[in-house]
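Trainee: the following comprises the amino acid sequence and a computationally predicted model.
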Amino acid sequence: MYDYAYDNPYLNTELLNEQFIAAMKAQERNAIYAILDAQKAQISNVGTDLSQGLDNKASDMKDFASNRLLSRLKDGLEGRAADEANDYLTNRLKKSEFRSPIK
């Protein structure tokens, strides 16, 4: 039996080293891909949270214009101007659409 691997004439140590280096590179690539996938998932979660927050803010703005602003304007407007303001703020005013910059 051989005492050391480099004494064994049937082993190609250069080939073994190349295979070891190739395996280490593949392992490192896989680790990098896993880190990138984790970061992409985290960014996606932030984008989802931001979209929900923007949707809530748009609803708050619509609520403010339809209810609070309208009640404050009723005291200052009369006649047709009051009717038009009421119609616009309750029926024709659309909810704002905010888009998240994170896709």
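Mentor: Here it is on my side, so go on. Note that the structure is predicted; figures quoted are calculated from it, not measured. Numbering: from 1, shown residues only.
Trainee: and for residue 89, the neighbour number?
Mentor: 18 (other CB atoms under 10 Å). Every C-beta, even on glycine, is put in place using the N, C-alpha and C of the backbone.
Trainee: residues contacting it?
Mentor: Neighbouring residues of residue 89 by CB atoms under 8 Å, 6 or more residues apart in numbering: 65, 66, 69, 70, 73.
Trainee: return the members of those classed as buried.
Mentor: For the contacts of residue 89, a neighbour count by 16 or more other CB atoms under 10 Å gives the buried set as 65, 66, 70.
Trainee: which SS class is residue 30?
Mentor: helix (DSSP: H, G, I helix; E, B strand; the rest coil).
Trainee: any idea how far it lies from residue 23?
Mentor: Distance, residue 30 to residue 23, by CB to CB, to the nearest Å: 11 Å.
Trainee: and what of residue 15?
Mentor: Residue 15 is 12 Å from residue 23, by CB to CB.
Trainee: shared neighbours of the two, anything?
Mentor: Counting by CB under 8 Å, 6+ apart, nothing touches both residue 15 and residue 23.
Trainee: residue 20: neighbour count?
Mentor: Around residue 20 there are 10 residues (other CB under 10 Å).
Trainee: residue 14 versus that one, what's the distance?
Mentor: Residue 20 sits 11 Å away from residue 14, taking CB to CB as the criterion.
Trainee: so what pLDDT did residue 1 get?
Mentor: Predicted confidence (pLDDT) for residue 1: 52.
Trainee: begin at 47, not 1, for the rest of this chat.
Mentor: Happy to do that; since the first residue is 47 now, the last one works out to residue 47.
Trainee: and the helix or strand of the chain with the lowest mean pLDDT, what does it pack against?
Mentor: One helix or strand of the chain scores below all others by mean pLDDT, DSSP states H and E: helix 115-120, with a mean of 79. Counting by 3 or more CB pairs under 8 Å, 6 or more residues apart in numbering; DSSP states H and E, the packing neighbours recorded for helix 115-120 are helix 125-133.
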